[in-house]
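>>> Test case, fold it:
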Amino acid sequence: MKAARQAWRRLEPVHAMIYFVPEGRERYAALGLKGMAGYFISRSAPLGRPTAELVIATFYNFHPDRVRKGMAGGWDNVTPEAVLAARAEAAGEALRRAGVHELPGLDEVVALTRRAAEAATDHLQGRPLYAAHATLDWPDDPVTQLWHAQTLLREFRGDGHIAVLVSEGVGPLEALVLHAASGDSSPAFLKASRAWPEEEWLATEDRLRSCGLLDGETLSAEGKTFRQHIEDRTDALALPAYAALGEDGCERLAELAAPYGRAVVDAGLMSI
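Numbering: from 1, shown residues only. Modelled structure (predicted):
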């Protein structure tokens with residue numbers, strides 16, 4: 001499980017950069033999708049023309065009003081096919097800007113991530129975002145193939161993570177507050193992007209303190225244990241994809257992946 005988690009974490013920037021790079025924003029704007037509309041519409045496009053309610057359900061931690069306002073009219077003048085093409089083009093261009101195409105072992109990294117991503121198709125149940133992405137055609141370009149493979153693995157893991165949160169009784173805002181308290185992400189960024197009212201955020205902090213999960217604005221010892229429990233269960237649910245590689249394959253992918261994630265970060269592709 002450790003090697004599989006390392007492989008995912010080290011390659012995660014290869015997927016996640018699409019939410020920050022100007023290549024994406026510019027292409028979405030050219031289609032008439034500005035601001036958060038570009039994010040909601042582009043990530044949900046594999047689902048067809050989903051309603052805001054479906055996006056609220058599958059994205060999980062955004063305030064419902066943020067999703068409804070962000071998606072209002074978004075599908076009026078664009079097709080899922082056009083949005084998906086723009087997204088893939090933006091991903092390939094941005095990753096080339098980071099020099100990913102020049103890194104050693106690209107063909108092997110693509111082969112390993114694709115094998116894992118395709119193996120997950122045997123485990124579609126309860127994985128709506130992954131299942132929708134898995135119906136898309138594979139790109140021809142190796143760099144975009146890598147992005148697509150890691151996107152599939154991210155959505156597979158993300159669907160499982162939501163299942164864990166629901167089963168543990170952790171609501172959308174509670175999940176955000178715990179994430180912020182862990183120090184893994186900026187509270188200011190989470191508040192601004194997920195758009196929960198400050199009073200609701202503060203009330204959730206108070207509730208989590210009363211449960212013993214927070215100490216001030218950081219995780220208590222009990223909170224750290226609980227959050228690790230959630231991460232461990234999420235890792236376990238992600239394993240069916242990586243099991244196709246075996247332990248040696250996961251270790252090899254984790255080894256090869258490190259320069260790819262670093263290249264994306266070093267190029268500033270993850271900058272807000």
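
>>> Do I have it right that residue 21 meets residue 272?
No: using Cβ atoms under 8 Å, residue 21 makes no contact with residue 272, being 11.0 Å away. (Each C-beta comes from the backbone N, C-alpha and C, glycine too.)

>>> These two: which has the busier surroundings?
More crowded of residue 21 and residue 272, by other Cβ atoms under 10 Å: residue 21, with 22 against 9.

>>> For the protein, just list every one of the strands.
214-215, 218-219 (DSSP state E).

>>> Let me know which of those strands is the nearest to residue 167.
Shortest distance between residue 167 and the strands of the chain, using Cβ to Cβ, is found for strand 218-219: 20.1 Å.

>>> shouldn't residue 43 be in contact with residue 54?
No: counting by Cβ under 8 Å, residue 43 does not reach residue 54; the two are 11.9 Å apart.

>>> Compare neighbour counts for these two and give me the winner.
residue 43 (20 against 16).

>>> and that one, what does it touch?
Residues in contact with residue 43 (Cβ atoms under 8 Å, 6 or more residues apart in numbering) are 19, 59.

>>> Residue 185 - nearest residue in space that isn't next to it in sequence?
residue 179 (5.6 Å; Cβ to Cβ, 6 or more residues apart in numbering).

>>> and residue 61, how many neighbours?
18.

>>> quick one, what contacts it?
Residue 61 neighbours (Cβ under 8 Å, 6+ apart): 172-173, 175-176, 194.

>>> how about the closest residue to it other than its chain neighbours, what does it touch?
Nearest non-adjacent residue to residue 61, counting by Cβ to Cβ, 6+ apart: residue 172, 4.3 Å away. Residues counted as contacts of residue 172 (Cβ under 8 Å, 6+ apart) are 60-62.

>>> Adding distance to residue 114 and pLDDT, write those residues out as TSV.
What follows is the contacts of residue 172, written out as TSV (distance: Cβ to Cβ, whole Å; pLDDT from 0 to 100):
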residue	distance to residue 114	pLDDT
60	27	97
61	29	96
62	30	97
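
>>> before we move on, the earlier item: shared neighbours of residue 21 and residue 272, anything?
Listed as contacting both residue 21 and residue 272 by Cβ under 8 Å, 6+ apart is no residue at all.

>>> I figured residue 153 hits residue 10, correct?
No: using Cβ under 8 Å, residue 153 makes no contact with residue 10, being 11.8 Å away.

>>> The two: which is more packed in?
Neighbours of residue 153 and residue 10, each counted by other Cβ under 10 Å, are more numerous for residue 153; the result is 26 against 19.

>>> list the contacts for the more buried one?
By Cβ under 8 Å, 6+ apart, the contact set of residue 153 is 8, 11, 15, 113, 116-117, 120, 238, 241.
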